[in-house]
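**Student:** Quick one: sequence and predicted model below, then my questions.
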Amino acid sequence: MDKKLLLIDGNSLTYRAYYATAYGSRGLLRTSDGTPINAVLTLNKMLEKSFKQYKPTHVLIAFDAGSKTLRHDKLKSYKGGRQKTPQELIDQMPIVKDMISKMKIIHHQIISIEADDIIATLAKKHVSENTEIVILSSDKDLFQLVQKNISIAVPQNGNKPNTRVDIDNFFEIYGYNPDQVKDIKGLVGDPSDNLPGVKGIGQKGAVKLIDKYKNIEGIYENIEEITGSIKEKLIKDKEMAFLCKDVATLMYDVEIPYKLEEMRYEKTVTKEFCEFLEKYELDSLKEYYGVSKKAQKVVKNTQKNTPKKEDEDDQINFDNILFK
């Protein structure tokens, strides 16, 4: 592959980063002035782990822009009943985005549009024989994107490598195909998105129906073949089944202003990023990136015989940094 585009679900990853470290024995990590930074620090580590694992040439991080989306116009109760987001996490979102910007990574959000739809649009637009797409997210809605050269990287805790879900292992894991994800959700629903689906139809039953009839349309076209309580349940919640499938279906026509080359990822540390690390007292990251006094000595020793390059004071190349 000539190019590898890593598309990251910013909300999913930031939430995961926050909850992974918010309730430890040491309490929530804060700066000396009380600013919470646990999600900021952990997200950075998650990003770096993924960069090392996938070695992307291009990166974009997509975020949700607010609580109300176009899907709420279709289903008012969409995502209703979710636990209220902790204020300490809300406070960190602008800091997270500031960090991403200073890492020279593009992040994007659109009012009323979900991050999933930004990712779906970019994945479908840029996948090709010479461009591989890797999507970093634990959101199963994105699994409907899996195809040749589009895979999902599901984050794992600690130092465990992310789990890869691709076209070669998808059916073996789930028992249905990626393009049937929305049909399964139409039948079973999704508690995380408050999609009710068809009451009384579980995962196993839904997989059997989809295996035989391919999709929800096929099920209802052949509804007279189905007998007993399953038929009754399907007839009763027919409208909801189609509505939930529609809500679960990703959008592929979102207008995004960035060309692929604008998403190019260069492994560099800018002066602005160093100032960010200083401001938020992220000493462990300063050492990791080679900008602490201790790390700079190591870098200096490796560069004794290296001619100074233009703008070297403002930018440090990762190739000259020794990571822990």
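**Tutor:** Nice, thanks for sending it over. Please read all numbers here as calculations on a predicted model, not as lab measurements.
**Student:** make it CA atoms for all contacts and neighbour counts henceforth
**Tutor:** Will do.
**Student:** hang on, Pro56 in a helix?
**Tutor:** No. Using DSSP: H, G, I helix; E, B strand; the rest coil, the assignment for Pro56 is coil, not a helix.
**Student:** Just give the number of residues close to the spatially closest residue to it that is not a sequence neighbour.
**Tutor:** Nearest residue to Pro56, sequence neighbours excluded (C-alpha to C-alpha, 6 or more residues apart in numbering): Lys4, at 4.9 Å. Neighbour count of Lys4, defined by other C-alpha atoms under 10 Å: 21.
**Student:** who does whichever strand or helix holds Lys4 touch, helix- and strand-wise?
**Tutor:** Under the criterion of DSSP states H and E, Lys4 resides in strand 3-9. Applying 3 or more C-alpha pairs under 8 Å, 6 or more residues apart in numbering; DSSP states H and E, we find strand 3-9 packed against strand 58-62, helix 115-126, strand 131-136.
**Student:** isn't there a helix covering Gly290?
**Tutor:** No. Counting by three-state DSSP, one finds Gly290 to be coil, located in no helix.
**Student:** Check the gap between it and Asn159 for me.
**Tutor:** 21 Å (C-alpha to C-alpha, to the nearest Å).
**Student:** For those two, indicate the residue with more neighbours.
**Tutor:** Gly290 (26 against 9).
**Student:** residue contacts, the residue nearest to Pro56?
**Tutor:** Lys55, Pro56, Thr57, His58, Thr131, Glu132, Ile133, Val134 (C-alpha atoms under 8 Å, 6 or more residues apart in numbering).
**Student:** Would you mind giving the domain segments of this structure?
**Tutor:** 3-174+251-263, 178-248, 268-320 (automatic domain parsing).
**Student:** Rebuild those domains as CSV, extending it with mean pLDDT.
**Tutor:** Listed next are the domains of the chain as CSV, based on pLDDT from 0 to 100:
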stretch, mean pLDDT
domain 3-174+251-263, 95
domain 178-248, 97
domain 268-320, 69
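**Student:** Would you reformat the helices and strands packed on strand 3-9 as TSV and include mean neighbour count and distance to Asp283?
**Tutor:** TSV is the format used below for the helices and strands packed on strand 3-9 (neighbours: other C-alpha atoms under 10 Å; distance: least, C-alpha to C-alpha, whole Å):
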stretch	mean neighbour count	distance to Asp283
strand 58-62	24	25
helix 115-126	21	31
strand 131-136	24	27
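**Student:** So which of the ones you listed is nearest Met251?
**Tutor:** helix 115-126 (5.1 Å; C-alpha to C-alpha).
**Student:** Specify the angle between the closest one and strand 3-9 in degrees.
**Tutor:** 170 degrees (axes from the mean of the first three to the mean of the last three C-alpha atoms, to 10 degrees).
**Student:** so how far is helix 115-126 off the chain centroid?
**Tutor:** 11 Å (C-alpha atoms, centre = their mean, to the nearest Å).
**Student:** List phi and psi for Thr270.
**Tutor:** Backbone torsions of Thr270, given as degrees, to the nearest 10, read phi -90, psi 160.
**Student:** can I assume it is in contact with Ile105?
**Tutor:** No. Between Thr270 and Ile105 there is no contact under C-alpha atoms under 8 Å: 11.7 Å.
**Student:** Let me see the ranges of the helices in the stretch 51-200 of the chain.
**Tutor:** 70-74, 87-102, 115-126, 170-174, 181-188 (DSSP state H, counting those that start in this stretch).
**Student:** As CSV, the ones you listed with distance to Gly24 would be great.
**Tutor:** Listed next are those as CSV, based on distance: least, C-alpha to C-alpha, whole Å:
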stretch, distance to Gly24
helix 70-74, 35
helix 87-102, 15
helix 115-126, 29
helix 170-174, 32
helix 181-188, 34
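**Student:** And the contacts of Lys4, which two are furthest apart?
**Tutor:** Going by C-alpha to C-alpha, the pair spanning those furthest: Lys55 and Thr131, at 13.0 Å.
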